[in-house]
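Participant: Just need the structure, nothing else, for what follows:
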Amino acid sequence: MRNPLSDKIIGIKPSGIRKFFDLASEMKDAIVLGVGEPDFETPWRVREEGIFSLERGRTFYTSNAGLQELRDEIALYMKRSVGVSYDAKTEILVTVGGSEGIDNALRCMLNVGDEVILHEPCFVSYVPCVKMADGVPSIIHLSHENGFKLTVQDLEQAVTTRTKILFLSYPNNPTGAILTKHELEEIAAFVIKHDLYVISDEIYSELTYTGAHTSIASLPGMRERTIVINGFSKGFAMTGWRLGYCCGPAVIIEQMIKLHQFAIMCAPTNSQYAAIEALRECGEDVKKMKESYNQRRRYLVHAFQEMGLSCFEPEGAFYIFPNIKKYGLSSEEFATRLLVEEKVVLVPGNAFGESGEGYLRISYASSMDALREAVVRIRSFISRLE
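Facilitator: Residues are numbered from 1 along each chain as shown. Have a look, this model is predicted:
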């Protein structure tokens, strides 16, 4: 028989995150700090609206782009949260999570051989999505020493005549790094100078701890060059509802809707009704979740400093990214031994690209009790390495 698989998909490595969860699923009393998922329940108002929509028989398809009422609320949210106005009919697409939006945008914008600048460490899907869209990833390796921030100097070394898209991911998964408005202004000037487009993954925009989140789309000359990816999973604790959205120029969104129509049809209907309630009524719930994450963030930073783990202070998302190079173990060796010996599940940094080697991603989207016990176990483990 002929090979049923494409060379392209065979060449894509599986996610480096899943391995450790599969091991932990068979281990009693393991503390799991690897999942990028809020430990809060979806706010009751949202769940109630989801239930109500089902009771009323709202189980039909919506328009391909999403419920108009939801797109109207997204437009209002973008205006008040980042100061950018979008036409709710032509410049917003509701997707099955932010992940679909990323894949869709890349497939609609790239021709074969177009280059996409990505900064690592980064979320595991970015590079595979570029490759599946026939693009060429151009990787910039960021460092702990400058807070994992992307600079114009980095970009000038990476850009070529084939570069079409700059992919931004701030607040960042896995590092927790952010970019300030001034830093984004410098990057925006570079983008305009080289006539590039930006895909900006802002799924953690609600979780910025040192000031308001700035979207690069809000800067002069950038709205027409930027696709903003966002959603409800992280800030609104709605991971299983699988709902995201994309905002951008109508000329791009029109084609994204066409691809979405053929591949997906529409996002889940009851999730869309629930998301309307989230945007209208759940600002206080989001604020309380953010305050709790911030408390956990500060606790872990202090705890790791006390045990001598080098770690810059994350300013966004809900991850901390400590440096474990001094122990002479690879990220995977460290994470595997910690799981086996102390039953703590972390994600090795190399799951997020080569520049993540020597680091671990730890999610603080877990209870304080779980974090305190994990710190005790991690301290016990590293004491045996010193």
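
Participant: which helix in the protein runs the most residues?
Facilitator: In the chain, with assignment by DSSP state H, the single longest helix is helix 283-306.

Participant: other SSEs contacting it?
Facilitator: Other elements packing on helix 283-306 under the criterion 3 or more Cβ pairs under 8 Å, 6 or more residues apart in numbering; DSSP states H and E are strand 319-320, helix 368-383. Quick note: C-beta positions are derived from backbone N, CA and C, even for glycine.

Participant: quick one: which of the ones you listed is nearest Gln295?
Facilitator: helix 368-383 (7.5 Å; Cβ to Cβ).

Participant: quick one, the closest one and helix 283-306 angle?
Facilitator: Counting by axes from the mean of the first three to the mean of the last three Cα atoms, to 10 degrees, helix 368-383 lies at 20 degrees to helix 283-306.

Participant: Check the offset of helix 368-383 from the chain's centre.
Facilitator: Distance of helix 368-383 from its chain centroid, counting by Cα atoms, centre = their mean, to the nearest Å, is 26 Å.

Participant: same check, this time on stretch 107-125
Facilitator: Relative to its parent chain, stretch 107-125 has a centroid offset of 15 Å by Cα atoms, centre = their mean.

Participant: Give me the buried positions along it.
Facilitator: By 16 or more other Cβ atoms under 10 Å, the buried positions in stretch 107-125 come out as 107-110, 114-124.

Participant: what's the answer for stretch 265-277, then?
Facilitator: For stretch 265-277, by 16+ other Cβ under 10 Å, it's Cys266, Ala267, Pro268, Thr269, Asn270, Ser271, Gln272, Tyr273, Ala274, Ala275, Ile276, Glu277.

Participant: Can you tell me how far the third one is from Ala335?
Facilitator: As for Pro268, its distance to Ala335 is 34 Å (criterion: Cβ to Cβ, to the nearest Å).

Participant: next one: the second one
Facilitator: Between Ala267 and Ala335 the distance, using Cβ to Cβ, works out to 34 Å.

Participant: Do a quick rundown of the helices in the protein.
Facilitator: 7-10, 18-24, 44-55, 68-82, 97-109, 126-132, 152-158, 181-193, 250-263, 269-281, 283-306, 331-342, 368-383.

Participant: What helices and strands are in contact with the shortest one?
Facilitator: Right, the one you point to is helix 7-10. In terms of contacts (3+ Cβ pairs under 8 Å, 6+ apart), helix 7-10 is packed against helix 126-132.

Participant: The helix it packs on: how far from the chain's middle?
Facilitator: The chain centre lies 15 Å from the centre of helix 126-132; the measure is Cα atoms, centre = their mean.

Participant: So which residues make contact with it?
Facilitator: By Cβ atoms under 8 Å, 6 or more residues apart in numbering, the residues outside helix 126-132 that reach it are 8-9, 11-13, 102-103, 106-107, 110, 116, 118, 136-137, 139, 167, 169, 353.

Participant: Whichever of those end up buried, select them in ChimeraX.
Facilitator: Selecting only the buried entries of the contacts of helix 126-132 in ChimeraX, with 16+ other Cβ under 10 Å as the criterion:
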select :102,103,106,107,110,116,118,136,137,139,167,169,353
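
Participant: Mark out where each domain of the protein begins and ends.
Facilitator: For the chain, automatic domain parsing gives the domain ranges 7-42+284-383, 44-281.
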